[in-house]
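Peer 1: would you be able to build a 3D model of this:
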Amino acid sequence: EMETAIFGCASEVFLSPEASSQFRLALKKALGPRNFDFLMGYLAFIRTAHFWTLTHPELDHDEDMNALLKNHEELSKGLLEDPEAGRCDFGQRFSKELSELRREKQTHEKLLEAQTKQIEMSKEIKKAKDFLESVIEIVPVGLSISEAPSGKALFNNKEIEDIAGVPIHTRVSIEGYDYGVRYLDGRIMPPDQYPSVRSMREGIKIHNEELFLINPKKGKRDLIISSSPVRGDNQKVVAVVTSVVDITEVKETQRKLKDALAVRDEFLSIASHELKTPLTVLSLETEMMQIDLEGAKDLDTVKEYLEQVNTHVSRMVQLVDDMMDIARIRSGKLALVKTQVKLSSLINSVLRSLGHKFTKSIEGAIKVDVHEDILVNIDVGRMQQVVTNLLTNAQKYGRGGDIAINAGASEDGFYIKVKDHGIGIEKDKLELIFKRFERAINKNEVSGLGLGLYIVNQIVEAHGGKIHVTSKLGEGSEFCVEVPLKTRK
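Peer 2: Residues are numbered from 1 along each chain as shown. Here you go, the predicted model:
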């Protein structure tokens, strides 16, 4: 009964601090002061051990901790206020234990607060990182961030991989993989000389270094590469940011612009020369006519001058027409107005327009052979221009020999062939003659802008057809125009 009463009173001291005073007195009376101190210390130790067992691993038992601290504080207050408690060092030990518990609780609270802040900071960092990656992904510039000093890629956007044509290795140092970057002179750049590697190694900014690489899918890509180091608190390089701009299209545009300017200059040079010649002759012819008229000379001489004037005027008109056609072709305004006409009518109308003077200029004969006089749907004016150009070329380069014109139905349309027996065309120039300002012979030997066959080719292609030539030096050339009855898209 005494044992039960003792443990009952001791339990009530801890469980009911508000009534602990009477139980404490009862225990002291029954046990004596020394045994009472021993019992209280023993029970306090058990409670403390239990508390540490619950709280020490995770330190998250707030309710248990608060309840135990409250009970210990009440008990401590009762013990320390007892006049006999000073006789032993239990009160000091208990007070020290209580202080350590309080410090542990404060440490626990600070740790929880730090963990909460860390979680919030991690969320903000992730949010900022996601935002930055989203921005980097959509910029039209290749971007790469490499760690220093390892050189391993931390982040690459899609654009830089599209430029390289291969995946950028994130686990390999940039020096450890050759991406085929080359100097402008074609030499392969060693990976340890890449702008990003030099920027990392030397801690310097590299601006707008022009290089190129061979993309496995897109071929040669011209690049502008810049690299800049990122320094930490101790000013050591901790990362390198590299930007890569693909300027292939820009350089191609610049090249085309340069070519266009060269073509323009050549065109103006040729045009001014070609227009100056007939204008000079016209000026002389009109002066001679004026002198002859003033001298009342015979009309035959005047007629001869007029014929020459008419020839040079026609030549100037043709030059202007060619220039206007070039302008229409470049602007995409070479429109066709189609009507139906027979092949024989088309060819005869061209011969009539060329006139007797054209026929007389040829020592040989003009032979016309239409195998099947079919009805064709074409732009008559434009197709007359094609045939006229082929015939005048045959006259110009045919050395006065026979000219043969063959026409008829083909498998899916019609054809027109013009053959001469003149000087012929070198094999390496067969394709060039259909380009602007190109001639089969030196431009100083024959007048003209060098646009005739280019315009012919454009007209034939506008009809959905094609033109080709066969030729042998010293034996002549044959031009063949093939046009389908239904224009191909």
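Peer 1: could you check how far Ile138 is from Leu223?
Peer 2: To Leu223, Ile138 is 20 Å away according to CB to CB, to the nearest Å. C-beta here means a position set from N, CA and C on the backbone, and glycine is covered the same way.
Peer 1: between those two, which one's more packed in?
Peer 2: Between Ile138 and Leu223, Leu223 has the larger neighbour count (other CB atoms under 10 Å), namely 19 against 10.
Peer 1: what sits against the more buried one?
Peer 2: Listed by CB atoms under 8 Å, 6 or more residues apart in numbering, the contact set of Leu223 reads Ile163, Val181, Glu210, Leu211, Phe212, Leu213, Val244, Val245, Asp246, Ile247.
Peer 1: buried subset of those?
Peer 2: Neighbour counting with 16 or more other CB atoms under 10 Å marks Ile163, Val181, Leu211, Phe212, Leu213, Val244, Val245, Asp246 as buried within the contacts of Leu223.
Peer 1: state whether the fourth one and Asp222 are indeed in contact, as I suppose.
Peer 2: Spelled out, that is Phe212. Yes - between Phe212 and Asp222 there is a contact under CB atoms under 8 Å: 4.9 Å.
Peer 1: can you redo the contacts of Leu223 as JSON lines with distance to Gln458, pLDDT and secondary structure?
Peer 2: Output for the contacts of Leu223, formatted as JSON lines (distance: CB to CB, whole Å; pLDDT from 0 to 100; DSSP: H, G, I helix; E, B strand; the rest coil):
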{"residue": "Ile163", "distance to Gln458": "37", "pLDDT": "87", "secondary structure": "helix"}
{"residue": "Val181", "distance to Gln458": "42", "pLDDT": "88", "secondary structure": "strand"}
{"residue": "Glu210", "distance to Gln458": "37", "pLDDT": "93", "secondary structure": "strand"}
{"residue": "Leu211", "distance to Gln458": "39", "pLDDT": "93", "secondary structure": "strand"}
{"residue": "Phe212", "distance to Gln458": "35", "pLDDT": "92", "secondary structure": "strand"}
{"residue": "Leu213", "distance to Gln458": "37", "pLDDT": "89", "secondary structure": "strand"}
{"residue": "Val244", "distance to Gln458": "40", "pLDDT": "92", "secondary structure": "strand"}
{"residue": "Val245", "distance to Gln458": "37", "pLDDT": "92", "secondary structure": "strand"}
{"residue": "Asp246", "distance to Gln458": "33", "pLDDT": "92", "secondary structure": "strand"}
{"residue": "Ile247", "distance to Gln458": "32", "pLDDT": "92", "secondary structure": "coil"}
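Peer 1: now, which of those residues sits nearest Gly413?
Peer 2: Gly413 lies nearest to Asp246 out of the contacts of Leu223, by CB to CB, at 44.3 Å.
Peer 1: what sits against the residue lying closest to that closest one once chain neighbours are set aside?
Peer 2: Spatial nearest neighbour of Asp246, excluding adjacent residues (CB to CB, 6 or more residues apart in numbering): Ile163 at 5.1 Å. Contact partners of Ile163, counting by CB under 8 Å, 6+ apart, are Gly142, Leu213, Asn215, Arg221, Leu223, Val244, Asp246.
Peer 1: and the gap between Ile163 and Pro33?
Peer 2: 89 Å.
Peer 1: what's the answer for Leu112, then?
Peer 2: Distance, Leu112 to Pro33, by CB to CB: 42 Å.
Peer 1: please apply the same query to Glu109.
Peer 2: 38 Å.
Peer 1: and for Gly465?
Peer 2: Applying CB to CB to Gly465 and Pro33 gives a distance of 127 Å.
Peer 1: what of Glu249?
Peer 2: Taken as CB to CB, the span from Glu249 to Pro33 is 99 Å.
Peer 1: neighbour count: the two, which is higher?
Peer 2: A direct count of neighbours by other CB under 10 Å for Glu249 and Pro33 places Pro33 higher, at 15 against 10.
Peer 1: flag the shaky bits of the chain, pLDDT-wise.
Peer 2: Counting by pLDDT under 70, the chain has low-confidence residues at 1-20, 42-99, 101-102, 168-179, 263-299, 301-305, 307-333, 437-450, 486-489.
Peer 1: longest strand in it, please.
Peer 2: strand 219-231 (DSSP state E).
Peer 1: adjacent strands (with direction) for it?
Peer 2: Using DSSP bridges, the strands paired with strand 219-231 are strand 206-215 (antiparallel), strand 237-246 (antiparallel).
Peer 1: Met40: which of those is closest?
Peer 2: That would be strand 237-246 among these, by CB to CB, at 59.5 Å.
Peer 1: contacts made by the closest one with the rest, please.
Peer 2: 141-149, 154, 159-160, 163, 195-196, 199-200, 203, 221-232.
Peer 1: what do you get if the cut-off is 6 Å, keeping everything else the same?
Peer 2: Residues outside strand 237-246 that contact it (CB atoms under 6 Å, 6 or more residues apart in numbering) are 141-148, 160, 163, 196, 199-200, 203, 221, 223-232.
Peer 1: list the buried residues in it.
Peer 2: So for strand 237-246, counting by 16+ other CB under 10 Å, buried means Val237, Ala239, Val240, Val241, Thr242, Ser243, Val244, Val245, Asp246.
Peer 1: repeat for stretch 418-429
Peer 2: Those would be Val418, Lys419, Asp420, His421, Gly422, Ile423, Gly424, Ile425, for stretch 418-429 by 16+ other CB under 10 Å.
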